[in-house]
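Student: quick check, what structure comes out for this input:
(one chain, ligands or ions: 1)
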Amino acid sequence: MAHLQVSGLSTRSRNVPRETLDGFAAGLEGSLLYPDDDGFSEAIALWNGMIKKRPALIVRPSTTQDVVATVNFVRDNALELSIKGGGHNIAGLALSDGGLTLDMSGMRDVNVDVNGLLARVGPGCTLGDVDQATQAHGLATTLGFVSATGVAGLTVGGGFGYLTRRFGWTVDDLEEVEVVTADGLVRRASRSVNDDLFWALRGGGGNFGIVTEFVYRLHEVGPQITGGIIAWPASEADGVLALFRKITEASPRELTAVVLRRNAPPAPWLPEAAHGKPMIAMVVCHTGSLEQAQEDLASIRSHGQPLADMIQVRDYVAQQKMLDATQPKGMHYYWKSEFLPGLSDEIFATFNAQFVDLKAPANQIVLFQVGGAPNDHPEDDGAVGNRDATFACVIQAMWPPDSSAGDANREWVRSAWQAIKPHSTGGNYINFQTADETDERTIESYRDNYRRLETIKAKYDPNNVFRVNRNIRP
Ligand SMILES: Cc1cc2nc3c(=O)[nH]c(=O)nc-3n(C[C@H](O)[C@H](O)[C@H](O)COP(=O)(O)OP(=O)(O)OC[C@H]3O[C@@H](n4cnc5c(N)ncnc54)[C@H](O)[C@@H]3O)c2cc1C
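Tutor: Next up is the predicted model:
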């Protein structure tokens, strides 16, 4: 009898008879891929090129029933299971090393209910898929800043983007899900049905089941907004940061501003003389009326001597893709994040100090404004928490796979993070955690919501079938 050896749980390996695999594959509407099959290598190529995990099997489901069959199969054969949405998780949580990866990319429908202001979204969708479909009707839900990111991983981790200040974390607009739990049952969950499961899925990650449909509330946005990037030489950092604080304290929720420090990339929108030199930049997105945007953005655009000002009226969909090219797939990435309760002179001094003499061409420190609608909810409204945050600070390093800069870059991120950490709310974003983060960091992400997550995990996944994630143990 032919056997495929599947090295599963970390302490032992499993033999799964070929007939068992064939029987399982025959029952799928989608496909089962072995390592030599076409599409396998492509399926395991993640956004973070640093991740080198290799599943023994990939299942590409076409239907919810395929997902049910896969959950039953991995449970019955004691295989490790991972779920791949957009494959963007920096820690490489999409892949199981030696187990079975469920690649959801074949379930990519978006149905927009224009009258009901709802979007029904398949778990393989990217943010771009959803924005494209909803913006055809002048509608949007809160999604993140890079359009190739998977909607599934972003949502189950909480989610934030340019619309967060107006409408909250992504999970604040989540109305309902269809989810396959560890017992192989298909359940609906919402604020009124299976409300504990729904609460946990609103930020608790992939710990509780496999979501096969997300239902989001939509809002009128755009389709034209005012947004873009404006950059100054780093010599203007103090003035720009003071302006950033003023803007973010006073501006309406329609305006979201982000400030970042890095060395200027060799991009055509920046003057050649600035390339490689330290700069400070603001990324802005104003989703109010075009007149209001002009007024609210005037003080930014007239500040100092910008190197370049790319703020303009543009499609919301274009704004959502504007930063895509800055985060190419396959590079090596290492990040750390902290949520901040506000901005202080000490934070700015730290922010600036981390940048002195930094030679790395693509590393950056970013402050995302998130204060507004998330703070209107109580801390325990969904597992996501972090309702005291008004900014997210992210320290990011990126380098090519063949570079020897990895150790130095990781060291820079860690030391800048140590400097920022004393200013944190105590919380960090679960979706920005790297593979080397400790359980302590997971607990810090959820703080007071963590205990309830443990209880719900014990109820819905007592054997920890869903463990390739920032794991909450039952
Ligand atoms: C360039 C870049 C920009 C980003 N920008 C933002 C941003 O603006 N805002 C923001 O909030 N986040 C942002 N993120 C973080 C992002 O939300 C996470 O990386 C997220 O995990 C990506 O989702 P994915 O589906 O692509 O992940 P994957 O790597 O495919 O999956 C990650 C994990 O999500 C869970 N998961 C996936 N699918 C399902 C499912 N169907 N059911 C249950 N669990 C599932 C699983 O635990 C899985 O291991 C960004 C990430 C990158 C790389």
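Student: gap between the two ends of stretch 193-211?
Tutor: 15 Å (CA to CA, to the nearest Å).
Student: going forward can the numbers begin at 307, since that is how I track them
Tutor: Sounds good: first residue 307 from here, last item stretch 499-517.
Student: which residues belonging to that stretch are considered buried?
Tutor: 500, 503-517 (16 or more other CB atoms under 10 Å). (Each C-beta comes from the backbone N, C-alpha and C, glycine too.)
Student: stretch 416-424 now?
Tutor: So stretch 416-424, judged by 16+ other CB under 10 Å, has buried residues 416, 418, 423-424.
Student: got a list of contacts for it?
Tutor: Surrounding stretch 416-424, the residues in contact under the criterion CB atoms under 8 Å, 6 or more residues apart in numbering are 425-428, 431, 435-436, 438-440, 442-443, 445, 481, 521-525.
Student: residues contacting residue 446?
Tutor: Applying CB under 8 Å, 6+ apart to residue 446 gives the contacts 437, 440, 469, 524-525, 527-528, 622.
Student: redo these as JSON lines? Include secondary structure, distance to residue 716 and pLDDT.
Tutor: Listed next are those as JSON lines, based on DSSP: H, G, I helix; E, B strand; the rest coil; distance: CB to CB, whole Å; pLDDT from 0 to 100:
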{"residue": "437", "secondary structure": "helix", "distance to residue 716": "33", "pLDDT": "98"}
{"residue": "440", "secondary structure": "helix", "distance to residue 716": "38", "pLDDT": "98"}
{"residue": "469", "secondary structure": "coil", "distance to residue 716": "32", "pLDDT": "98"}
{"residue": "524", "secondary structure": "coil", "distance to residue 716": "40", "pLDDT": "98"}
{"residue": "525", "secondary structure": "strand", "distance to residue 716": "39", "pLDDT": "98"}
{"residue": "527", "secondary structure": "coil", "distance to residue 716": "38", "pLDDT": "98"}
{"residue": "528", "secondary structure": "coil", "distance to residue 716": "39", "pLDDT": "96"}
{"residue": "622", "secondary structure": "helix", "distance to residue 716": "35", "pLDDT": "98"}
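Student: ok, these vs residue 699, which is closest?
Tutor: Taking CB to CB as the measure, residue 469 is the one of these closest to residue 699, at 20.0 Å.
Student: from residue 441, how far out is that closest one?
Tutor: 12 Å (CB to CB, to the nearest Å).
Student: so which of these two has more stuff around it?
Tutor: Each of residue 469 and residue 441 has its neighbours counted (other CB atoms under 10 Å); residue 469 has more, 25 against 18.
Student: and the more buried one, how far from the ligand?
Tutor: 11 Å (CB to the nearest ligand atom, to the nearest Å).
Student: touching, that residue and residue 527? I think so.
Tutor: Yes. In this structure, residue 469 is within contact of residue 527 by CB atoms under 8 Å, at 6.7 Å.
Student: what touches both of the two?
Tutor: With CB under 8 Å, 6+ apart as the test, residue 469 and residue 527 both reach 446, 593.
Student: picking that back up, most widely separated two among the buried residues of stretch 416-424?
Tutor: Among those, 416 and 423 lie farthest apart (CB to CB), at 14.2 Å.
Student: for residue 469 and residue 441, list the residues in contact with both.
Tutor: Common neighbours of residue 469 and residue 441 (CB under 8 Å, 6+ apart) are residue 527.
Student: find the nearest non-adjacent residue to residue 526, please.
Tutor: residue 444 (5.8 Å; CB to CB, 6 or more residues apart in numbering).
Student: for residue 560, that is, sorry about that
Tutor: residue 594 (3.4 Å).
Student: from the ligand, how far out is that neighbour?
Tutor: With distances taken as CB to the nearest ligand atom, residue 594 is found 20 Å from the ligand.
Student: list the contacts of that residue.
Tutor: Residue 594 is in contact with 558, 560-561, 602, counting by CB under 8 Å, 6+ apart.
Student: and the nearest residue to residue 357 once chain neighbours are set aside, what does it touch?
Tutor: Excluding the flanking residues, the one nearest residue 357 by CB to CB, 6+ apart is residue 398, at 3.1 Å. Residues near residue 398 by CB under 8 Å, 6+ apart: 352, 354, 356-357, 359, 741.
Student: which of these are buried?
Tutor: 352, 354, 356-357, 359.
Student: between the two ends of stretch 359-366, how far is it?
Tutor: Taking CA to CA as the measure, stretch 359-366 stretches 18 Å from start to finish.
Student: any part of it near the ligand?
Tutor: No. Shown here: stretch 359-366 not in contact with the ligand (CB under 6 Å from any ligand atom), separated by at least 11.1 Å.
Student: could you pull out the buried residues of that stretch?
Tutor: 359, 361-366.
Student: with stretch 773-780 instead?
Tutor: Quick answer for stretch 773-780 (16+ other CB under 10 Å): 773-778, 780.
Student: cool, stretch 441-454 as well?
Tutor: Across stretch 441-454, burial judged by 16+ other CB under 10 Å covers 441, 445-454.
Student: swap in stretch 661-670?
Tutor: Neighbour counts using 16+ other CB under 10 Å place 661, 664, 666, 668-670 of stretch 661-670 among the buried residues.
Student: kindly report the same for stretch 752-763.
Tutor: Residues 752, 755-756, 758-760, 762-763 are the ones in stretch 752-763 that count as buried (16+ other CB under 10 Å).
Student: ok, now stretch 401-415?
Tutor: Taking 16+ other CB under 10 Å as the criterion, stretch 401-415 shows 401-413 as buried.
Student: go on, stretch 557-573?
Tutor: 557, 559-571.
Student: before we move on, what about stretch 322-334?
Tutor: Going by 16+ other CB under 10 Å, stretch 322-334 has these buried residues: 322, 327, 330-331, 334.
Student: let me know the secondary structure of residue 322.
Tutor: At residue 322 the chain is in strand, as set by DSSP: H, G, I helix; E, B strand; the rest coil.
Student: you'd agree it is up against residue 384?
Tutor: No. Using CB under 8 Å, residue 322 makes no contact with residue 384, being 9.6 Å away.
Student: anything in contact with each of those two?
Tutor: In contact with both residue 322 and residue 384: no residue, using CB under 8 Å, 6+ apart.
Student: check the buried residues of stretch 441-454 against the ligand, which are close?
Tutor: Subset of the buried residues of stretch 441-454 in contact with the ligand: 450-452, counting by CB under 6 Å from any ligand atom.
Student: of the buried residues of stretch 441-454, closest to the ligand?
Tutor: residue 450 (2.6 Å; CB to the nearest ligand atom).
Student: quick one, what contacts that closest one?
Tutor: Neighbours of residue 450 in contact, by CB under 8 Å, 6+ apart: 433, 460, 465-467, 476.
Student: ok, residue 739 next?
Tutor: If a contact means CB under 8 Å, 6+ apart, then residue 739 has 396-397, 643, 747-748, 751, 776 as its contacts.
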